[in-house]
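[1] I would like to see how this sequence folds:
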Amino acid sequence: MSVAEDEVSNEATETVTETLPIVGMHCANCASTIQRVLTRKVDGVLSAEVSFASERAVVVYDPKRTSHEEIVSAIRRVGYGVVEAQDQEEEQDAEKTAREAEIRDQQRRFLVGVVLSAPLLAFSMLRDFGLLGAWSHAVWANLLMWALATPVQFYTAWDYYGGALKALRNGAANMDVLIVLGTSAAYFYSAAVTLALAIGTTALGEYVYFETAAVIITLIKLGKLLEARAKGRASAAIKRLMQLRAKTARVLRDGKELIIPADQVQIGDLVLVRPGETIPVDGVVREGHSAVDESMLTGESLPVEKAPGDPVTGGTLNQQGMLQVEAARVGKETALAQIIRLVEEAQASKAPIQRLADQVSAVFVPAVMLVAVVTFFLWWFAVGAGFTPAFLRLIAVLVIACPCALGLATPTAIMVGMGKGAENGILFKSSEALERLHHVTAIVLDKTGTITRGKPEVTDLVPVPGRSEEELLRWAASAERASEHPLALAVVRRAEEEGIAVAPVEEFQAVAGFGLIAQVEGRRVLIGKEALMRREGVPVERMAKEAQALEAQAKTVMWVAVNKEPLGLIAVADTIKEESPEAIREMHRMGLHVAMITGDREATARAIADQVGVDRVLAEVLPDQKAAEVKRLQEEGYRVAMVGDGINDAPALAQADVGIAIGTGTDVALETAQVALMRGDLRGVPQAIRLSKATMRIIKQNLFWAFAYNTALIPVAAGALAWAEALPKILRELHPILAAAAMAFSSVSVVTNSLRLRRVRIQ
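    Numbering: from 1, shown residues only. As a prediction, the model looks like this:
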């Protein structure tokens, strides 16, 4: 099966998304070939994104019209391989083995090239400097060079011949075509000269260029090896995520402790996790207390305390105590597995900025071939420079061109950027989202659960004179313990935190819209609104000013009375997260317009807004009206990012230029927004924007240098500077070997520049 498979169903259609590891691609044109074949020739494939940088294809298809096997077969028919296995773990190992075998094969070919090209180059240099005397053009000398060059041409470069044949057979032209044309021209012309000299004629000339073909191939092979290693570092983040998965799990079954493969854990199993072990499943702690390191999933450096009832995520590290965890999600359903799938699919997707590079690459190779032919005839006939200079310039033009640099410019930066984001708890679900985020000029923040904690907490205890806070809290918590109202839960939770023992409830009555009446230790306890107190004859004048002051702070005030005597006030509010003001200040430093949107009344919203410092308050907005508010900001000229919980705010997230879901590691992978923050921490928003800006800066640098390289060096190779006597000879007469060296290292420079993103500070 594929690395990941996600089924999406609705009444109209059912689609399957698969991520397939591809082997055998040599350049971006190979990826374009596979993509074109899948989308045009396989009935039922709805979309396909193939990335040369990540060496993966993300295919969406209709299972009623095609199948996994047909898709794999189509890829193999055009000459490329697909890594397959029964499960993720096995497939990861199989892919690693295939990649390593491919690199070892390339290393062997490169070593053959070095061993045979070195004496060829040395012999050629001695000949050019006249140090071989009469042997310089002896038949036996040419035959020796031919013998040394042949294994390089047809062993070291054999995969280029195969790649060129695949491309031409599929109606395309890629980098392999240029390499094969340039080196074959030098090799076969030299072979023809050698045979002509052997029969005693100099009609084809006396010079051979076996060393040119051999050294070009060897240099290009070196460049591809360095490129492969650099690409491996670019995908290091996703590999580290994969390595987080536990291979085994310790489960309790029938009273026995068993060690089984992690993929065999079933929902409901009790899993034992010892200190220092990786948690193998998503689940809930049933027994034990510990601190868990969640840094690789959330970017949070501090360990998180876990106790019975707390959720844990597979792939995190148990640091201290023994935990007994009830499995809730296993295998490919775990948050880690889905995060890996999301990152893989996102890395394989194409950013809008890549379209220009793709359009250029599509016509690049035919254009280079045309330029090479025109160059040859211009220098031979129009300029009258002779066959040899014209021939060398033709080869130089063919090998200097590097469509790979253009093809790698965007996807390598996307891979590294998304990998860095995943390591910091920021998931970009497409490369388009990563690109669009850096254009954002306004941020709309949902209040509940985004700026605030999303659950009410006791903020103030105000007893009447002569009474204590502890007494007030004890009577209130005792009565509220029988209620399931969020405000009641907040009061009970505060009593538990302070270690206050509550008394049993003897009678309980909820008064809809007002509060509750309970019997505790033989006394009648009233908790609720001021209206309940007045209705029950409790005097409220003593605490009226305090109540008004608390309500002015957007807090919900609960009156507490015992046997018709006022005991005090308890204020409850949805408290602001500690990091929210800092995050909003950072957004302002970035020049962003920050708005808060909420269904709360204006006074409550203003109180929160004053504390965190937003620029605009959108209050009393119903959930189905949030999208209209986002649209209104867009009509004002802002590019808007909407930050919400990803569920209740779905319409607004969809309307925004970029939707950002803020949540926790256990549910964030399932959110529908374009960007997901695995921590409930607003500081992730400016971090994501900084990462987007840094990634786009690197992409633009890559594209500039890739375009500049080809724009500048192809004319140089064609001889545009031949008459500029003031310039060094190396520029005026660019030898094909130097052209090959420049071509080989251009792709490496692009990938290396992308790797700088790994060191960018976003926090």
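[2] what separates Ala149 from Ala676, distance-wise?
    Taking CB to CB, to the nearest Å as the measure, Ala149 falls 55 Å from Ala676. From N, CA and C alone the C-beta is placed, and that goes for glycine too.
[3] Kindly report the same for Pro736.
    From Pro736 to Ala676 the distance is 50 Å (CB to CB).
[4] and if you look at Phe387?
    From Phe387 to Ala676 the distance is 63 Å (CB to CB).
[5] now do Thr450
    Relative to Ala676, and taking CB to CB, Thr450 is found at 13 Å.
[6] joint contacts of those two?
    Residues touching both Thr450 and Ala676 by CB atoms under 8 Å, 6 or more residues apart in numbering: Ile662.
[7] which residues of the stretch 251-400 of the chain fall in helices?
    Ranges of helices in the stretch 251-400 of the chain, per DSSP state H, counting those that start in this stretch, are 295-298, 335-348, 354-377, 387-400.
[8] Distance to Ala101 and mean neighbour count added to the ones you listed, as CSV?
    Output for the helices of the stretch 251-400 of the chain, formatted as CSV (distance: least, CB to CB, whole Å; neighbours: other CB atoms under 10 Å):
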stretch, distance to Ala101, mean neighbour count
helix 295-298, 29, 21
helix 335-348, 21, 24
helix 354-377, 28, 17
helix 387-400, 28, 25
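[9] ok, of those helices, where does mean pLDDT dip lowest?
    The minimum mean pLDDT among the helices of the stretch 251-400 of the chain belongs to helix 295-298 (a mean of 67).
[10] now the strands for the stretch 401-550 of the chain?
    With strands called from DSSP state E, counting those that start in this stretch, the stretch 401-550 of the chain shows them at 426-428, 442-446, 452-463, 505-511, 515-520, 523-528.
[11] so which of the ones you listed comes closest to Val82?
    strand 426-428 (25.7 Å; CB to CB).
[12] now the closest one, how far from the centre of its chain.
    Centre-to-centre, strand 426-428 and its host chain are 6 Å apart (CA atoms, centre = their mean, to the nearest Å).
[13] Give me the helices and strands touching it, please.
    Helices and strands touching strand 426-428, by 3 or more CB pairs under 8 Å, 6 or more residues apart in numbering; DSSP states H and E, are helix 335-348, helix 403-423, strand 675-677, helix 684-718.
[14] Neighbouring strands - and their directions - for the shortest one?
    Strand 675-677 sits in its sheet next to strand 426-428 (antiparallel), strand 658-662 (parallel), going by DSSP bridges.
[15] for stretch 651-663, what is the average pLDDT?
    Stretch 651-663 comes out with an average pLDDT of 85.
[16] Can you measure across it, start residue to end residue?
    In stretch 651-663, first residue to last residue: 17 Å (CA to CA, to the nearest Å).
[17] Stretch 272-287 too?
    End-to-end span of stretch 272-287 (CA to CA): 9 Å.
[18] May I see the buried residues of it?
    Neighbour counts using 16 or more other CB atoms under 10 Å place Leu272, Val273, Glu277, Thr278, Ile279, Pro280, Val281, Asp282, Gly283, Val284, Val285 of stretch 272-287 among the buried residues.
[19] same question, stretch 199-214
    Across stretch 199-214, burial judged by 16+ other CB under 10 Å covers Leu204, Gly205, Tyr207, Val208, Tyr209, Phe210, Glu211, Thr212, Ala213, Ala214.
[20] how close does the fifth one sit to Ala122?
    Separation of Tyr209 from Ala122 (CB to CB): 15 Å.
[21] Likewise for the fourth one?
    Summarising the geometry, the distance separating Val208 from Ala122, computed by CB to CB, is 15 Å.
[22] likewise the last one?
    Summarising the geometry, the distance separating Ala214 from Ala122, computed by CB to CB, is 12 Å.
[23] Check this protein for its longest helix and report it.
    Under DSSP state H, the helix in the chain containing the largest number of residues is helix 88-128.
[24] Can you name every helix or strand that that helix contacts?
    strand 14-23, helix 139-151, helix 158-169, helix 210-234.
[25] Tell me the strands beside the shortest one, with direction?
    Strand 14-23 has the following strand partners under DSSP bridges: strand 4-9 (antiparallel), strand 56-61 (antiparallel), strand 81-82 (antiparallel).
[26] how far off helix 354-377 does the very next helix or strand once past it point, in degrees?
    Per DSSP states H and E, the first helix or strand lying C-terminal to strand 14-23 is helix 28-41. Angle of helix 28-41 versus helix 354-377, following axes from the mean of the first three to the mean of the last three CA atoms, to 10 degrees, is 120 degrees.
[27] Helix 28-41 vs helix 403-423, what angle?
    On the basis of the same axes, to 10 degrees, helix 28-41 is oriented at 80 degrees to helix 403-423.
[28] The helix or strand following helix 28-41: partners in the sheet, and parallel or antiparallel?
    Where DSSP H and E defines the elements, the next helix or strand beyond helix 28-41 is strand 45-51. Strand 45-51 has its sheet partners listed here by DSSP bridges as strand 56-61 (antiparallel).
[29] and the partner strand, what's its mean pLDDT?
    Average pLDDT, strand 56-61: 89.
[30] swap in stretch 528-545?
    pLDDT averaged over stretch 528-545 gives 90.
[31] Would you mind measuring from the closest residue to Ala53 other than its chain neighbours to Tyr155?
    Of all residues not flanking Ala53 in the chain, Pro411 sits nearest, at 3.5 Å (CB to CB, 6 or more residues apart in numbering). From Pro411 across to Tyr155, the span is 30 Å (CB to CB).
[32] who does the closest residue to Asp293 other than its chain neighbours bridge with?
    Leaving aside its chain neighbours, Asp293 sits nearest to Leu317 (4.2 Å; criterion: CB to CB, 6+ apart). Assessed by DSSP bridges, Leu317 has beta-bridge partners Thr278, Asp293.
[33] close enough to count as contact, Leu317 and Val304?
    No - Leu317 is not in contact with Val304 according to CB atoms under 8 Å; the separation is 10.8 Å.
[34] Next, show the common contact partners of the two.
    Joint contacts of Leu317 and Val304 (CB under 8 Å, 6+ apart) are Val292.
[35] gap between the residue positioned nearest the centre of the chain and Leu757?
    Geometric centre of the chain, nearest residue: Met418, 2.8 Å, by CA atoms, centre = their mean. According to CB to CB, Met418 and Leu757 sit 10 Å apart.
[36] May I see the buried residues of stretch 24-38?
    24-38.
[37] can you check stretch 686-702 too?
    Across stretch 686-702, burial judged by 16+ other CB under 10 Å covers 686-696, 698-699, 701-702.
[38] now swap in stretch 710-721 and tell me
    By 16+ other CB under 10 Å, the buried positions in stretch 710-721 come out as Asn710, Leu713, Ile714, Pro715, Val716, Ala717, Ala718, Gly719, Leu721.
[39] tell me the mean pLDDT over it?
    The pLDDT scores in stretch 710-721 average 80.
[40] now do stretch 209-220
    Here stretch 209-220 scores 83 as its mean pLDDT.
[41] Neighbours of the spatially closest residue to His26 that is not a sequence neighbour, how many?
    Excluding the flanking residues, the one nearest His26 by CB to CB, 6+ apart is Gly163, at 4.6 Å. Using other CB atoms under 10 Å, Gly163 is surrounded by 26 other residues.
[42] let's have the chain start at 29 instead
    Yes, from this point I'll number from 29; that puts the last item at Gly191.
[43] Cool, thanks, signing off.
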